[in-house]
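# Sequence first, predicted coordinates after that:
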Amino acid sequence: MQKALRKERPAAAKANHAADLRTALDWLRGQGDLIETDKTVDPDLEITGLQKHMDGGCPVLFANVKGKPHHRVVTNLFGDMKVINKMFGWKDDAERVKKLAYALRHPLKPVEIPQHDAPCQEHVIKSPKDVNEHVVAIRHTTYEPELTVGSAIRCVTGEEFDGGSDLGYNRMNFRWGNVGTFQISPGSHMWQVVNKYYKSKEPIPITMCFGVPPACTLLAGAGFDYAVLPMGCDEIGIAGAVQGAPIRLVKARTVNAMALADSELVLEGYVDPRDRRFETKESEDAGVQGRFHFHPEWAGYMGKAYKAPTFHVTAVTMRNPKTKPIIFALGVHTLDDHNIDTTVREAAIYELCERLQPGIVQNVVIPYCMTDWGGCIIQVKKRHQIDEGWQRNFMAAALSCSQGMRLAIAVSEDVDPYSMDDIMWCLTTRVNPRTDILNPIPGGRGQTFMPAERMTAGEKQWTASNTNFEGGMGIDATVPFGYESDFLRPVYPVDRVKPEDFFSKKDIENARSRMVGWVHSLARTGR
């Protein structure tokens, strides 16, 4: 019998403290990882302004929200990856990537519970007049003319998703009471669903869930990695594998769709891909798409207002209003947003490389400066001469299979992939500009969220159909096999001495407080 090529390990220890958002916040509180305030906060600019002040810090819970007496708001929930690693039982970032890759292959089937047992249906409002009364819309910047609802997670299951389940984000703006724009990224899972039903007379039933189990939030960020997560995959099942227990689903009250039962609040309804409306009044008055600012984008630039399909809300269900349902108000282009969008994505690229040729890829990292879907760093270990070149196959595959990726960098096992200083050192000292810089897919399909790509539309409207993709860039910064001794890094004997044996704790703290940047990585490894 053939032996397995790789050892399989469970995705995570059972994490009951992450089964729903409230339980997770209670656990965070007990760990000392939650900041709370009773001061009234305004969703218009103040929430994201405060989040940016503490970007990368621990989660923040606002108990009192201006104009929303029956809601609470949490933000920065995924801002500190160390907190997330601890929540799901991952010892470090590298282990997280491998265990998530395992979860991608071993989904845990969700379970359906009765409607009367579903926390998200303790209170039901059918045919709401104005959805904005029941959710918390926010404004990120003064550049935006209107507030946005951007933190809900769509839930598409069953026939609409070829028998699987899909989780993802879609920004909404309810300009018409119970009807709002529903922005869909070209090429995304929801885009695939809409294309499937575009010519059908029936709209697409879905639910939009707020305040979901943290593992579902992670899977909702898994966009544009569809070679590993194709249409028909079970993202809700994968979320169950991540948290170590099945995700609970419940039938919606007014449409033929399922909702995440442990959500804080759910919008039920249907998407009409043929009823397209402008996202803002400003763009509607001008009658132009892709020119006026609206909602920041993951690439770190201001987004644009487009003409989008619409979401028609048939019901709002929620936890008991007296308990103040919690809305996760996600600020775009924050570490919070970045960690959500890249956690599963790193694992998917790792899995893609493993499927191409097992045992070579060591890690995949997407640093903040590579802006979510914009790039990745692939760490490899060449075991023998025949492995030479696979790093280029990996980069070409990642650039081809991940819509919107513009830069992939391959590095060797002696490099700290979490240190951009180490990466820049490799680019400076290991790359031959004639042979190691690759442009494998010019003319392919990218995304419209990069200004450089939007500009290719010229005087036409800056939409996906008018945008050209210049092609991604791969950079091979690995050590050529057989030349390891010529690229030998000096390793200082940090393992042979202990500063504590020579200096006081105060002296050590004084010295280390002056260490900035790359020296932290070098001091840790001795290089």
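Arrived safely.

# can we go C-alpha only for contacts and neighbour counts from here?
OK.

# What are the boundaries of the helices in this structure?
Listed in chain order, the helices of the chain (DSSP state H) span 21-31, 46-53, 81-88, 93-105, 189-197, 214-220, 235-243, 281-286, 335-356, 390-401, 420-430, 451-454, 505-512, 519-525.

# If you count neighbours, what's buried in the third one?
Under the neighbour-count criterion of 16 or more other Cα atoms under 10 Å, helix 81-88 has Met81, Val83, Ile84, Met87, Phe88 buried.

# Mind putting the residues you listed into TSV with pLDDT and distance to Thr148?
As requested, the buried residues of helix 81-88 are exported to TSV (pLDDT from 0 to 100; distance: Cα to Cα, whole Å):
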residue	pLDDT	distance to Thr148
Met81	96	26
Val83	96	28
Ile84	96	26
Met87	96	29
Phe88	96	30
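
# ok, of the residues you listed, which one's closest to His333?
Here the nearest of those to His333, counting by Cα to Cα, is Met81; it sits at 15.3 Å.

# count of neighbours near the residue nearest to that closest one when sequence neighbours are not counted?
The shortest distance from Met81 to any non-neighbouring residue, by Cα to Cα, 6 or more residues apart in numbering, is to Asn339 (7.1 Å). Asn339 is flanked by 25 other residues according to other Cα atoms under 10 Å.

# so where's this structure shaky on pLDDT?
The chain contains residues with pLDDT under 70 at 1-15, 442-457, 462-471.

# show me where the stretch 101-250 of the chain has strands.
Applying DSSP state E, counting those that start in this stretch to the stretch 101-250 of the chain gives strands spanning 111-112, 123-126, 153-158, 164-169, 172-176, 179-182, 204-210, 248-251.

# just checking, what packs against the longest one?
With contacts defined as 3 or more Cα pairs under 8 Å, 6 or more residues apart in numbering; DSSP states H and E, strand 204-210 has these neighbours: strand 153-158, strand 258-260, strand 265-278, strand 326-328.

# Tell me the buried residues in that strand?
By neighbour count on 16+ other Cα under 10 Å, the buried set for strand 204-210 is Ile204, Pro205, Ile206, Thr207, Met208, Cys209, Phe210.

# I'd like the residues you listed as JSON lines, with distance to Ala397 appended.
Below are the buried residues of strand 204-210 laid out as JSON lines (distance: Cα to Cα, whole Å):
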{"residue": "Ile204", "distance to Ala397": "32"}
{"residue": "Pro205", "distance to Ala397": "34"}
{"residue": "Ile206", "distance to Ala397": "32"}
{"residue": "Thr207", "distance to Ala397": "33"}
{"residue": "Met208", "distance to Ala397": "32"}
{"residue": "Cys209", "distance to Ala397": "33"}
{"residue": "Phe210", "distance to Ala397": "34"}
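
# Could I get the full set of strands for the stretch 401-527 of the chain?
Applying DSSP E, counting those that start in this stretch to the stretch 401-527 of the chain gives strands spanning 407-411, 437-438, 473-476.

# TSV for those strands, including mean neighbour count and distance to Asp421?
TSV is the format used below for the strands of the stretch 401-527 of the chain (neighbours: other Cα atoms under 10 Å; distance: least, Cα to Cα, whole Å):
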stretch	mean neighbour count	distance to Asp421
strand 407-411	25	13
strand 437-438	18	19
strand 473-476	24	16
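
# Tabulate these in CSV, adding columns for distance to Pro186.
Supplementary listing: the strands of the stretch 401-527 of the chain in CSV, determined by distance: least, Cα to Cα, whole Å:
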stretch, distance to Pro186
strand 407-411, 20
strand 437-438, 26
strand 473-476, 21
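
# what's the spacing between Pro107 and Ala241?
As judged by Cα to Cα, to the nearest Å, Pro107 and Ala241 stand 5 Å apart.

# higher neighbour count, those two?
Between Pro107 and Ala241, counting by other Cα under 10 Å, Ala241 is the more crowded of the two (29 against 20).

# The more buried one contacts His106, doesn't it?
Yes. Between Ala241 and His106 there is a contact under Cα atoms under 8 Å: 6.9 Å.

# Need the winner for burial among the helices and strands packed on strand 204-210.
Across the helices and strands packed on strand 204-210, averaging neighbours per residue (mean count of other Cα atoms under 10 Å) puts strand 258-260 on top, at a mean of 28.

# chain center to that one, what's the gap?
Centroid separation between strand 258-260 and its chain, computed with Cα atoms, centre = their mean, to the nearest Å, is 20 Å.

# What of stretch 478-491?
A distance of 35 Å separates the centroid of the chain from that of stretch 478-491, by Cα atoms, centre = their mean.

# Give the buried residues for that stretch.
Quick answer for stretch 478-491 (16+ other Cα under 10 Å): Thr478, Val479, Pro480.

# Who are the contact partners of the second one?
Looking back up the chat, that one is Val479. By Cα atoms under 8 Å, 6 or more residues apart in numbering, the contact list for Val479 reads Val411, Ser412, Arg430, Phe487.

# how about these in TSV, adding distance to Gly287?
What follows is the contacts of Val479, written out as TSV (distance: Cα to Cα, whole Å):
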residue	distance to Gly287
Val411	47
Ser412	51
Arg430	50
Phe487	58
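
# number of nearby residues for the closest residue to Met405 other than its chain neighbours?
Once flanking residues are discounted, Met405 sits nearest to Gly374: 4.4 Å by Cα to Cα, 6+ apart. Here the number of neighbours of Gly374 (other Cα under 10 Å) works out to 23.

# if I look at the residue nearest to the spatial centre of the chain, how far off is His189?
Nearest residue to the geometric centre of the chain (Cα atoms, centre = their mean): Asp341, 1.3 Å. Going from Asp341 to His189 by Cα to Cα gives 15 Å.

# Equivalent analysis for Phe487, please.
Distance from Phe487 to His189, by Cα to Cα: 43 Å.

# now Tyr368
As judged by Cα to Cα, Tyr368 and His189 stand 24 Å apart.

# which one of those two has more residues nearby?
Higher neighbour count among Tyr368 and His189: His189, with 25 against 17, using other Cα under 10 Å.

# just checking, the more buried one touches Tyr169?
No. With contact defined as Cα under 8 Å, His189 and Tyr169 do not form a contacting pair (10.3 Å).

# what's around the nearest residue to Leu330 once chain neighbours are set aside, how many residues?
Counting by Cα to Cα, 6+ apart, the nearest residue to Leu330 once its immediate chain neighbours are dropped is Ser151, at 5.4 Å. By the measure other Cα under 10 Å, the count of residues near Ser151 is 25.

# Am I right that Ser151 is in contact with Phe210?
Yes. With contact defined as Cα under 8 Å, Ser151 and Phe210 form a contacting pair (6.8 Å).

# intersection of neighbour lists for the two?
Listed as contacting both Ser151 and Phe210 by Cα under 8 Å, 6+ apart are Ile327, Phe328.

# does Asp166 really touch Ala239, like I thought?
No. Applying Cα under 8 Å, one finds Asp166 not in contact with Ala239, separated by 10.6 Å.

# From Cys155, how far out is Glu268?
Using Cα to Cα, Glu268 is found at 10 Å from Cys155.

# mind checking how far Val149 is from Ser504?
According to Cα to Cα, Val149 and Ser504 sit 53 Å apart.

# So which of those two has more stuff around it?
Set Val149 next to Ser504 and count neighbours by other Cα under 10 Å: Val149 wins out with 22 against 11.

# Leaving out sequence neighbours, find the closest residue to the more buried one.
Using Cα to Cα, 6+ apart and skipping residues adjacent in sequence, the residue nearest Val149 is Ala137, 4.6 Å away.

# how close does that neighbour sit to Ala305?
On the measure of Cα to Cα, Ala137 and Ala305 end up 16 Å apart.

# Using CSV, write out every CA atom in stretch 364-373.
Output in CSV follows, covering the C-alpha atoms of stretch 364-373 (Å, rounded to 0.1, in the frame of the first residue of the first chain):
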residue,chain,number,x,y,z
VAL,A,364,3.1,31.4,2.2
VAL,A,365,2.9,34.9,3.6
ILE,A,366,0.9,37.9,2.5
PRO,A,367,2.3,40.9,4.4
TYR,A,368,0.1,44.0,5.0
CYS,A,369,2.0,46.0,2.4
MET,A,370,1.0,43.5,-0.3
THR,A,371,-2.6,44.5,0.3
ASP,A,372,-4.7,41.4,0.6
TRP,A,373,-5.1,40.0,-2.9
